[in-house]
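>>> A structural model of the following input is requested.
(2 chains, ligands or ions: 2)
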Amino acid sequence: MSVTASFGGREGRPPLVQLLTPEGERVEHPDFAFDLDDEAIKGFYRDLVLTRRVDFEATALQRQGELGIWASLLGQEAAQIGSGRALSAQDYAFPTYREHGVAWCRGVDPLQLIGLFRGVDQGGWDPRESNFHLYTIVIGAQTLHATGYAMGIQRDGLVGTGDPRRDAATIVYFGDGATSQGDVNESFVFASVYNAPVVFFCQNNQWAISEPIERQSRIPLYQRALGFGFPGVRVDGNDVLACYAVTKAALQRAREGSGPMLVEAFTYRMGAHTTSDDPTRYRLSEELEHWKLKDPIERVKAYLSRNGIVDAGFYAGVEAEADELAARLRAGCLSMPDPDPLSIFDHVYVETTPQLRQQREDFAGYLASFEGAH
Amino acid sequence: MSATLAPPRTVTYREALREGLFEEMEADDRVILLGEDVGRYGGAYAVSRGLLERFGEHRVIDMPMSEALIVGAALGAAAVGARPVAEIMYMDFVTLVMDQLVNQAAKLHYMFGGQLTAPMVVRVQQGIGRGAGSQHSQSLEAWFAHVPGLKVVAPSTPADAKGLLKSAIRDDDPVLFIEHKGLYARKGEAAGPTHTVPIGLADVKRSGEDLTIVAWSNMVHTALAAAEELAREGVSAEVVDLRTIAPLDMATVLASVGRTGRLLIVHEAVRTAGLGAEIAAETAERHHGQLRAPVRRLATPDVVLPANTTLERELVPDADAVVAAARDLVRS
Ligand SMILES: Cc1ncc(C[n+]2csc(CCOP(=O)(O)OP(=O)(O)O)c2C)c(N)n1
Ligand SMILES: [Mg+2]
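Ligands and ions are numbered 1, 2, ... in the order given. Alright, predicted model coming up:
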């Protein structure tokens, strides 16, 4: 397949890369092909279901007061699993706060995400082990980090060597709203100028809290890439096969040294922005009904069933695994201890300062003064 | 005679702000509101609910997601006669508008030799209370007290919030208007449509004789609760609510300290180079010799704020801590 600089601008090309229809039918695309077998699709199905279950369980825990907040990925599972599974071990991913599916693909225990949203730690996973960065909440900031990281591996000679175990790429996730931030546009400029090995993966879920995509852009987001000097493509974000194929091509391109690419995964935030939000205040339920027909999991299930690839036992097995996972998360969440108050002083600096040590002592004394007071 | 009047109306801080915005927008069609989710959603903390329906999309503007744009565009509009109220969802995101606010808005009047003004308000909310984490909880008012050309206010009650918002909108200088997420649901006496509070004037929220406690924003209520407890112990604390951060009303603070001879400053912002340092220094310079005890500051330690709500509460001075510090001061 060829992914050229004219990408996205060619006449007559379907605007949306789709390889699996909402009805579960495989379709061909001139530029992108899904090159794995049905076993892999079964694996994707499992990923999708388990990720959705993580999300349901976390949402339930938040509702029960066990988490401070939760940002649901409902509806965006395919975009995240497809792109996440396209990553090689040596690739590095920069997420927003919603990439629970990518975290899953990178081997981050969902319990660690839960710890973060419970407020017992800042995430806890070692980004060097999982090649999965910490969640970024200030919108767009991570696109700059990704550009710098990509320029770094480029200078380390980890790009374009032709060795598939060595060549690496960076992927950075952000939303449709984020595309209005200066940081995102600046990272586009410099990734392009330096031909940095970074894939800009935008999940256009149609909403930035209450603001619809029309507030951010007049043209399809993927078309913006061309103006910055690299290709852009819009993929059906609810089609896990297409997300996998397109991301894989984009990553490969980056690893080879051909520079950045923008992938716009066209999807929908089926839930609230976060558990603090009530979307019925600003959007119509018909919109949700419309997108429910494009559910990312249902189409994979339709494909697997219709072609007799799996039997009922397979679904029951995944379901049982999901139940088990949910139970583990719940129990794990409830047993997480509050952090030691004095631990707040631990990582302000790499080595604490005499001033901060003094403040720590004062604070310890202050806390002790209340012990036994009541 | 007052028996025949209706009892005073009670409103929340949030409602008071909304009333202030509403009345100013009614009175002056140059006043516009712009920010993320301010229109259809009614603001992340529901302050501007109903304003889009009343004033329309031309004046209540849901902006693309760029803080620099929101404040920079407000400045541009202000320069041609609008009186914009720009909302930045969290104080922490002012880091993204520093150039627009600090280099552009604050300096416009001076650099144009007095020919242009920037009559704009930037509303932000800050503070702990919701476990919002390291990048959504900081109290950064001291940064802006350090920028000549900017005015900064941080009201603590519904009436002050409304009165100061009106003054800020009518003011010809750029004003940073700091709200607190812990205050929105707080109730207090409502202010009428003609009520304003001048920028630059502190307010004695409780009179006392033994010591002066200076606070602002949400911390005023902690100080008042502490003063109540102290009174039970026979210690009479005066509580001065700064209300305005810049320009700082040291006259009111010094007058109070002149009477009590003791000063305790309490703030939610981290300790080092917080506003407390400025107040302490001014007091030391001007009241040297009249103080009966060294000036005392109580603040959050110099740490990165956690998402954990229990920890959050422990780190930020509470009424017990204020009582203990006040007791020390009075008995020393
Ligand atoms: C710089 C900054 N401004 C505002 C916010 C508040 N905020 C959090 S999420 C969000 C919307 C993000 O929309 P989008 O980029 O589309 O991502 P999505 O949440 O839809 O995944 C906003 C405005 C923030 N976190 N950071
Ligand atoms: Mg979005």
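>>> ok, so what distance separates the residue of chain A found nearest ligand 2 from A:Ala250?
Closest approach between chain A and ligand 2, counting by Cβ to the ion: A:Gly175, at 3.6 Å. C-beta: built from backbone N, CA, C; applies to glycine. To A:Ala250, A:Gly175 is 18 Å away according to Cβ to Cβ, to the nearest Å.
>>> Looking at these two, which one has more neighbours?
A:Ala250 (31 against 25; other Cβ atoms under 10 Å in any protein chain shown).
>>> So that one lies in a helix, does it not?
Yes: checked against DSSP: H, G, I helix; E, B strand; the rest coil, A:Ala250 lies within a helix.
>>> got the contact list for it?
Applying Cβ atoms under 8 Å, 6 or more residues apart in numbering or on different chains, we find A:Ala250 in contact with A:3, A:199, A:233, A:261, A:263.
>>> Among the residues you listed, find me the one that's closest to chain B.
Chain B has its nearest neighbour among these in A:Val263, at 19.8 Å by Cβ to the nearest Cβ.
>>> Report the secondary structure state of the residue in the stretch 201-332 of chain B that ligand 1 sits nearest to.
Nearest residue of the stretch 201-332 of chain B to ligand 1: B:Ala307, at 13.9 Å (Cβ to the nearest ligand atom). Put simply, B:Ala307 is coil when judged by three-state DSSP.
>>> For the nearest residue to the residue of chain A closest to ligand 2 once chain neighbours are set aside, give its distance to B:Glu57.
Of all residues not flanking A:Gly175 in the chain, A:Gln203 sits nearest, at 5.9 Å (Cβ to Cβ, 6 or more residues apart in numbering or on different chains). Applying Cβ to Cβ, the value for A:Gln203 to B:Glu57 is 27 Å.
>>> can you check A:Phe363 too?
50 Å.
>>> between the two, which one's more packed in?
A:Phe363 (19 against 10).
>>> you'd agree the more buried one is in a helix?
Yes: membership of A:Phe363 in a helix is supported by three-state DSSP.
>>> separation between it and A:Tyr349?
Separation of A:Phe363 from A:Tyr349 (Cβ to Cβ) stands at 16 Å.
>>> Go ahead and flag the most central residue of the chain.
No chain in the question, so chain A it is. Central residue of chain A (Cα atoms, centre = their mean): A:Glu99, 3.0 Å from the mean position.
>>> residue contacts, that one?
A:73, A:80, A:93, A:135, A:173.
>>> Do me a favour and get the backbone dihedrals for the closest residue to B:Arg18 other than its chain neighbours.
Using Cβ to Cβ, 6+ apart and skipping residues adjacent in sequence, the residue nearest B:Arg18 is B:Val47, 5.7 Å away. Dihedral pair for B:Val47: phi -70, psi -40, per degrees, to the nearest 10.
>>> what sits against B:Val47?
By Cβ under 8 Å, 6+ apart, the residues touching B:Val47 are B:14, B:17-18, B:21, B:87, B:123, B:179, B:184.
>>> of those, closest to A:Leu241?
B:Glu87 (42.2 Å; Cβ to Cβ).
>>> for whatever helix or strand that closest one lives in, the distance to its chain's centre please.
Using DSSP states H and E, B:Glu87 sits in strand B:83-88. Taking Cα atoms, centre = their mean, to the nearest Å, one finds the center of strand B:83-88 at 16 Å from the center of the full chain.
>>> List the contacts of A:Leu134.
Applying Cβ under 8 Å, 6+ apart to A:Leu134 gives the contacts A:122-123, A:125, A:127.
>>> 7 Å - rerun?
Residues near A:Leu134 by Cβ atoms under 7 Å, 6 or more residues apart in numbering or on different chains: A:122-123, A:127.
>>> Distance to chain B and pLDDT for the residues you listed - can I get that in JSON lines?
Formatted as JSON lines, the contacts of A:Leu134 follow (distance: Cβ to the nearest Cβ, whole Å; pLDDT from 0 to 100):
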{"residue": "A:Gln122", "distance to chain B": "8", "pLDDT": "80"}
{"residue": "A:Gly123", "distance to chain B": "10", "pLDDT": "78"}
{"residue": "A:Pro127", "distance to chain B": "17", "pLDDT": "95"}
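>>> If we only consider these, which is nearest to A:Cys105?
Distance to A:Cys105 across these (Cβ to Cβ) is lowest for A:Pro127, with 14.6 Å.
>>> Around the closest residue to the closest one other than its chain neighbours, count how many other residues there are.
Excluding its sequence neighbours, the residue lying closest to A:Pro127 (Cβ to Cβ, 6+ apart) is A:His133, at 5.1 Å. Using other Cβ under 10 Å, A:His133 has 23 neighbouring residues.
>>> B:Pro119 reaches B:Ala77, doesn't it?
No: shown here, B:Pro119 and B:Ala77 do not form a contact pair, counting by Cβ atoms under 7 Å, at 10.0 Å.
>>> what mean pLDDT does whatever helix or strand comes next after the strand holding B:Glu87 have?
Going down the chain from strand B:83-88, the next helix or strand is helix B:98, by DSSP H and E. What helix B:98 shows for mean pLDDT is 98.
>>> Check which helices and strands helix B:98 sits against.
If contacts are counted by 3 or more Cβ pairs under 7 Å, 6 or more residues apart in numbering or on different chains; DSSP states H and E, helix B:98 sits against no helix or strand.
>>> can you map out the strands along the chain?
With no chain named, the answer covers chain A. Secondary structure of chain A (DSSP state E): strands located at A:92-94, A:170-175, A:198-204, A:207-208, A:211-212, A:232-236, A:261-266.
>>> not quite, I wanted chain B
In chain B, the strands defined using DSSP E lie at B:10-12, B:31-35, B:60-62, B:83-88, B:121-126, B:151-153, B:175-180, B:187-189, B:203-206, B:211-215, B:237-241, B:244-246, B:263-270, B:296-300.
>>> I'd like the ones you listed as JSON lines, with mean neighbour count and distance to ligand 2 appended.
Converted to JSON lines, the strands of chain B look like this (neighbours: other Cβ atoms under 10 Å in any protein chain shown; distance: least, Cβ to the ion, whole Å):
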{"stretch": "strand B:10-12", "mean neighbour count": "17", "distance to ligand 2": "30"}
{"stretch": "strand B:31-35", "mean neighbour count": "23", "distance to ligand 2": "17"}
{"stretch": "strand B:60-62", "mean neighbour count": "23", "distance to ligand 2": "14"}
{"stretch": "strand B:83-88", "mean neighbour count": "26", "distance to ligand 2": "19"}
{"stretch": "strand B:121-126", "mean neighbour count": "26", "distance to ligand 2": "22"}
{"stretch": "strand B:151-153", "mean neighbour count": "26", "distance to ligand 2": "33"}
{"stretch": "strand B:175-180", "mean neighbour count": "26", "distance to ligand 2": "26"}
{"stretch": "strand B:187-189", "mean neighbour count": "16", "distance to ligand 2": "35"}
{"stretch": "strand B:203-206", "mean neighbour count": "18", "distance to ligand 2": "43"}
{"stretch": "strand B:211-215", "mean neighbour count": "29", "distance to ligand 2": "39"}
{"stretch": "strand B:237-241", "mean neighbour count": "26", "distance to ligand 2": "40"}
{"stretch": "strand B:244-246", "mean neighbour count": "25", "distance to ligand 2": "35"}
{"stretch": "strand B:263-270", "mean neighbour count": "26", "distance to ligand 2": "32"}
{"stretch": "strand B:296-300", "mean neighbour count": "21", "distance to ligand 2": "33"}
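>>> Thanks again, I'm all set now.
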